[in-house]
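> how would this look folded up:
(one chain, ligands or ions: 2)
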Amino acid sequence: MNAPTAPQCSQAGSTYVEPVLVVGGFVKNFDGRLVLNGLDFAIAPGQSTALIGANGSGKSTLLKCLIRLIEPSAGQIQMLGRDVRALSPRDLRAFRAQVGIVWQRHNLVPRLSVLSNVIHGVQSRLSGPRAWFQALAPADVRGEAMQCLDRVGLADRAATRVDSLSGGQQQRVAIARMLMQRPAFILADEPDASLDPQTGEEVMALLLSLVREKGLSLLMISHRLEHTLEFSDRILGLAKGRIALDLPTSQADAASLRRFFDHQEPA
Ligand SMILES: Nc1ncnc2c1ncn2[C@@H]1O[C@H](COP(=O)(O)OP(=O)(O)O)[C@@H](O)[C@H]1O
Ligand SMILES: [Mg+2]
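Ligands and ions are numbered 1, 2, ... in the order given. The predicted structure is shown next:
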């Protein structure tokens, strides 16, 4: 496979920055049914990009294809300097360790403590029981997990069983676990979907603050237009298998996004 040529990424204050993600000629079909039909875009580091589109437009499929949880059908993905589609199984595991994922459902282990669940995020770097139970984890791993918990505002709940926390607190534990991976890129698929409006907004604000503080890159999906507008730098819109909208968030408003949705044909 040829290496994709990196499109120019411009950012305020500099003429060129190496993109953290380049997608070229990207196609995904399921059993011959085209879902994504030729996507081309690049993302600069340290940015929050929102992906919007009608239900079934392929947003989740694209996110999963980026780390090959679903195999792409054609095209190129260059992410964090790696040719993702060419990675061997072992290199793919190492690559995925750098990509934090926040789903609508967080897959925490309900009967274990908050701290043990956060420690699980270290599994990309450490394996065995030491990466599973807080009591067996090395002191430096426990210390880092406490810092991650502190970052999401839950240090005082470290010893609590996860299933006794609220939905919003559990999502923050999932984010702390993701921080234990020391990710360079975060993919977030509707992390606010099953939370009440206030809590959902807090979770989105937390993700954006990680982008701002640590220079991480975020590609996120939210079904709430107000979250798309408040927590992104750029908006990409999917329609009919293609990128049909690409604009800085500063140039978007709720009316223009609604117009984008209104012009889509029903799926
Ligand atoms: N594993 C799969 N097998 C077959 N079709 C799928 C699969 N996953 C998603 N699809 C289809 O692909 C389309 C895009 O789905 P999805 O990416 O979940 O959309 P979105 O996240 O934008 O709502 C939908 O028509 C969906 O039914
Ligand atoms: Mg989806």
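> from now on I want contacts and neighbour counts done on CA atoms only, so please keep to that.
Noted.
> what is the neighbour count of residue 187?
Neighbourhood size, residue 187 [other C-alpha atoms under 10 Å]: 22.
> tell me which stretches of the protein form helices.
For the chain, the helices defined by DSSP state H cover 59-66, 89-97, 114-119, 139-151, 167-179, 197-214, 225-230, 254-262.
> most tightly packed of the ones you listed?
Mean neighbour count, computed with mean count of other C-alpha atoms under 10 Å, is highest for helix 114-119 among the helices of the chain, reaching a mean of 29.
> packing partners of that one?
For helix 114-119, the elements it packs on are helix 139-151, helix 167-179, judged by 3 or more C-alpha pairs under 8 Å, 6 or more residues apart in numbering; DSSP states H and E.
> of all those, which one is nearest residue 28?
Among the helices and strands packed on helix 114-119, the nearest to residue 28 by C-alpha to C-alpha is helix 167-179 (27.2 Å).
> next one: the closest one to chain centre, how far?
Relative to the mean C-alpha coordinate of its chain, helix 167-179 is positioned 13 Å out (C-alpha atoms, centre = their mean, to the nearest Å).
> tell me which residues are up against that helix.
Counting by C-alpha atoms under 8 Å, 6 or more residues apart in numbering, helix 167-179 makes contact with 100-102, 106, 108, 114, 117-122, 145, 148-149, 151-152, 154, 162, 191, 194-195, 199-200, 203, all of which sit outside it.
> and that helix, C-alpha only, in PDB?
Listed next in PDB are the C-alpha coordinates belonging to helix 167-179 (Å, rounded to 0.1, in the frame of the first residue of the first chain):
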ATOM      1  CA  GLY A 167     -23.700   6.900  35.900                       C
ATOM      2  CA  GLY A 168     -21.700  10.100  35.500                       C
ATOM      3  CA  GLN A 169     -19.200   9.100  38.100                       C
ATOM      4  CA  GLN A 170     -18.800   5.700  36.300                       C
ATOM      5  CA  GLN A 171     -18.100   7.500  33.000                       C
ATOM      6  CA  ARG A 172     -15.500   9.600  34.800                       C
ATOM      7  CA  VAL A 173     -13.900   6.400  36.100                       C
ATOM      8  CA  ALA A 174     -13.800   5.100  32.500                       C
ATOM      9  CA  ILE A 175     -12.000   8.300  31.500                       C
ATOM     10  CA  ALA A 176      -9.500   7.900  34.300                       C
ATOM     11  CA  ARG A 177      -8.900   4.300  33.200                       C
ATOM     12  CA  MET A 178      -8.400   5.700  29.600                       C
ATOM     13  CA  LEU A 179      -5.900   8.300  31.000                       C
END
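> sorry, back to before: among the helices and strands packed on helix 114-119, which is nearest ligand 1?
Of all these, the one in closest proximity to ligand 1, counting by C-alpha to the nearest ligand atom, is helix 167-179 (19.5 Å).
> what mean pLDDT does the closest one have?
Model confidence over helix 167-179 averages 95 on the pLDDT scale.
> next: stretch 214-223.
Confidence for stretch 214-223, expressed as mean pLDDT, is 95.
> quick one: end-to-end length of that stretch, please.
Stretch 214-223 has its terminal residues 25 Å apart, counting by C-alpha to C-alpha, to the nearest Å.
> wait, does it make contact with ligand 1?
No: interface with ligand 1: stretch 214-223 contributes nothing (C-alpha under 6 Å from any ligand atom), its closest point being 8.4 Å away.
> tell me how far residue 73 lies from ligand 1.
Counting by C-alpha to the nearest ligand atom, to the nearest Å, the separation of residue 73 from ligand 1 is 13 Å.
> would you mind confirming that that residue makes contact with residue 27?
Yes: applying C-alpha atoms under 8 Å as the test, residue 73 and residue 27 come out as touching, 5.5 Å apart.
> and the residue nearest in space to the middle of the chain, how close does it get to residue 159?
Among the residues of the chain, the smallest C-alpha distance to the mean C-alpha position (C-alpha atoms, centre = their mean) belongs to residue 187, namely 0.9 Å. Distance, residue 187 to residue 159, by C-alpha to C-alpha: 28 Å.
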